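J.: Next comes the sequence, and after it the predicted model I'd like to discuss.
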Amino acid sequence: MTGKDAVPGGGRGLRLAVVGNPGNRRVRLFTEAAAAAGFAAPRVVAWLDVLRDGGAGFAPEEVVRLDSPGEHPEVDRLLRGVDDPTRVEGGARWYAAFTAAVRSLRGGVRLDDPDELAVLFDKRACHRLLARAGVPVPESPTSGGAAPVRGWDDLRALMRAHRMPRVFVKPAHGSSASGVVALETASGGRVRATTSVESVDGRLFNSLRVRRVTAEREAAALVDALAPDGLHVERWLPKATVDGRAADVRVLVVAGRATHAVLRTSRWPMTNLHLGGARGDLAAAVAAAGPAWEEGLRVCERAAACFPGTLAVGVDLLPTAGWRHFAVAEVNAFGDLLPRLTGLPGTAAEGLDTYGAQLAALPAHVAARTGGPAGPAAAGGPAAGAGPATPVPYPGPATPAGRAAPAATAGPAASARPATPATPAREQHSAST
């Protein structure tokens, strides 16, 4: 369903505005969906203007959607302070500038709460919020900024203290796997780091090619270079597999309900599609999970309930080996860019794309935000500060090598060699956490 029936009253009673990058695919897809649902064309406010002018104002009745500031070189330069949008460095500056820009927006009815966005773009704060709400998450010694990681020595000390031989190291304010390192250690001082980061003359770049590093000196230099912008460390949970490939699920939650899901598989620990991951057969994953699948969707809804002032979030759901247990790896503020994906069967979003589902949920969400009856976004799920922290326990040995993805199960081999140096294709920041 893409026509005016998607939104009660055709959406004619709501005025939309979008803060984004004009001409970007995200803005275009949302604008097209709004027209199909019967809304007047949204007013587009450019992030570039917001940053240059020190803010922007909206009429009280305008419903304001924020879209990613990524994929625009000049916007990225103003936010990150580097001259190349494929650079990894500058995450802390980006975070400070982006959250300040969000708070410089005045008026309107917001679909993205500024305080919640500040948490969503800080992995340490987000992990703590989820854990305190009882959402299953991988164990983390850096949750809430509990332990600073100033470099390789700090990282290795934390891994030893918490008995974590395998971890994911993530820039605290990163997105789209930028700067992520999947690190494995073994006896004899062996290490293996899997990452898409390339170092060129002391500068770090996002590459479209995943590589492996087995020299400790190189791995240490990489972590040392990433550390000044802040790092978050999580235990590496063995993922479920599909056809021998590591798998996870991006689930879009709109107004408190899981509406869309896409299975992502890869031969690498990171399943991001731009890094060689592929969309998998969701039906096969649902069948493999059996009754546990519904529990996985409820986990995603509990994670989204921690952000009641934000209409939609993309939740990265980790199915552990066997598809019987789930944990939340990330909650993404701009996680709805899933072209041509329609809603889950049996849900209110069935037949709608991700933008259509959000537009259909607008009337109830806006009523809740403006003092009307509580909408679906405020219903169900734990309170953000309630409940004990519940990190997922390490489930023991990984799936046997014959059934698991090599990158997710095998220890670092002493004879493994890093990728041959080359000038790789590079990836701009997309700011989809």
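T.: Received the coordinates, thanks. Residues are numbered from 1 along each chain as shown.

J.: ok, so what distance separates residue 308 from residue 255?
T.: According to C-beta to C-beta, to the nearest Å, residue 308 stands 10 Å off from residue 255. Glycine gets a C-beta too; all of them are placed from N, C-alpha and C.

J.: I should have written residue 346 there, sorry.
T.: As for residue 346, its distance to residue 255 is 16 Å (criterion: C-beta to C-beta).

J.: okay, those two: which has more neighbours?
T.: Ranked by neighbour count (other C-beta atoms under 10 Å), residue 346 and residue 255 place residue 255 first, with 24 against 7.

J.: Need the residue in this structure that's farthest from the chain's center.
T.: Here the chain has its C-alpha centre computed as a mean, and the residue farthest from that point, by C-alpha atoms, centre = their mean, is residue 188 with 34.8 Å.

J.: Help me confirm that it is found in a helix?
T.: Yes - the assignment for residue 188, made by DSSP: H, G, I helix; E, B strand; the rest coil, places it in a helix.

J.: May I have the predicted confidence score for it?
T.: Confidence per residue is given as pLDDT, and for residue 188 that number is 87.

J.: For residue 216, see how far away it is.
T.: Counting by C-beta to C-beta - residue 188 and residue 216 are separated by 11 Å.

J.: With residue 131 instead?
T.: The separation that residue 131 has from residue 216, given C-beta to C-beta, amounts to 31 Å.

J.: out of these two, which sits in the more crowded spot?
T.: Residue environment comparison for residue 131 versus residue 216 gives the larger neighbour count to residue 131, 22 against 16, counting by other C-beta under 10 Å.

J.: and the closest residue to residue 354 other than its chain neighbours, how many neighbours?
T.: Sequence neighbours aside, residue 336 is the residue nearest to residue 354 in space, at 4.4 Å (criterion: C-beta to C-beta, 6 or more residues apart in numbering). Residues within reach of residue 336, counting by other C-beta under 10 Å, total 28.

J.: Was I right to think residue 336 contacts residue 310?
T.: No - counting by C-beta atoms under 8 Å, residue 336 does not reach residue 310; the two are 11.2 Å apart.

J.: What segments of the stretch 201-350 of the chain are strands?
T.: In order along the chain, the stretch 201-350 of the chain carries the following strands (DSSP state E, counting those that start in this stretch): 203-213, 231-235, 241-242, 245-254, 257-266, 278-279, 312-319, 326-332.

J.: Check which residues of the helix or strand just after the last one are buried.
T.: Helices and strands here follow DSSP states H and E; after strand 326-332, the next one along the chain is helix 354-369. Of the residues in helix 354-369, 354-366, 368-369 count as buried by neighbour count, 16 or more other C-beta atoms under 10 Å.

J.: Relative to residue 207, which of those is nearest.
T.: Out of the buried residues of helix 354-369, the one with the shortest distance to residue 207 is residue 354. That distance is 27.7 Å, counting by C-beta to C-beta.

J.: Spit out the contact partners of that closest one.
T.: Remark: with contacts taken as C-beta atoms under 8 Å, 6 or more residues apart in numbering, residue 354 is in contact with 252, 254, 259, 260, 312, 336, 337, 338, 341.

J.: got CSV for those, with pLDDT and distance to residue 60 too?
T.: As requested, the contacts of residue 354 are exported to CSV (pLDDT from 0 to 100; distance: C-beta to C-beta, whole Å):
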residue, pLDDT, distance to residue 60
252, 98, 29
254, 98, 24
259, 98, 29
260, 98, 31
312, 98, 23
336, 97, 26
337, 96, 29
338, 95, 32
341, 96, 34
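
J.: Let me have the residues you listed in CSV, adding distance to residue 163 as columns.
T.: Shown next, in CSV, are the contacts of residue 354 (distance: C-beta to C-beta, whole Å):
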residue, distance to residue 163
252, 35
254, 39
259, 38
260, 37
312, 37
336, 37
337, 37
338, 37
341, 39
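
J.: from the middle of its chain, how far away would stretch 184-196 be?
T.: With C-alpha atoms, centre = their mean, to the nearest Å as the basis, stretch 184-196 stands 25 Å off its chain's centre.

J.: Can you pull the phi/psi pair for residue 215?
T.: According to degrees, to the nearest 10, the main-chain angles of residue 215 amount to phi -90, psi 120.

J.: and it, how many neighbours?
T.: Residues near residue 215, counting by other C-beta under 10 Å, number 13.

J.: So for residue 118, what's the nearest residue that isn't a sequence neighbour?
T.: Here the residue nearest residue 118, using C-beta to C-beta, 6+ apart, is residue 99, at 5.0 Å.

J.: hang on, I meant residue 47
T.: The shortest distance from residue 47 to any residue other than its chain neighbours is 4.4 Å, reached at residue 69 (C-beta to C-beta, 6+ apart).

J.: Pull the contacting residues for that neighbour.
T.: Contact analysis of residue 69 by C-beta under 8 Å, 6+ apart lists 20, 21, 47, 75, 76, 79, 98, 101, 431.

J.: which parts of stretch 218-232 are buried?
T.: By 16+ other C-beta under 10 Å, the buried positions in stretch 218-232 come out as 219, 220, 221, 222, 223, 225, 226, 227, 229, 230, 231, 232.

J.: I'd like the residues you listed laid out as CSV, including pLDDT and distance to residue 242.
T.: Conversion of the buried residues of stretch 218-232 to CSV gives the following (pLDDT from 0 to 100; distance: C-beta to C-beta, whole Å):
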residue, pLDDT, distance to residue 242
219, 96, 29
220, 97, 34
221, 95, 35
222, 96, 30
223, 97, 31
225, 95, 34
226, 96, 30
227, 97, 34
229, 96, 34
230, 97, 33
231, 98, 30
232, 98, 27
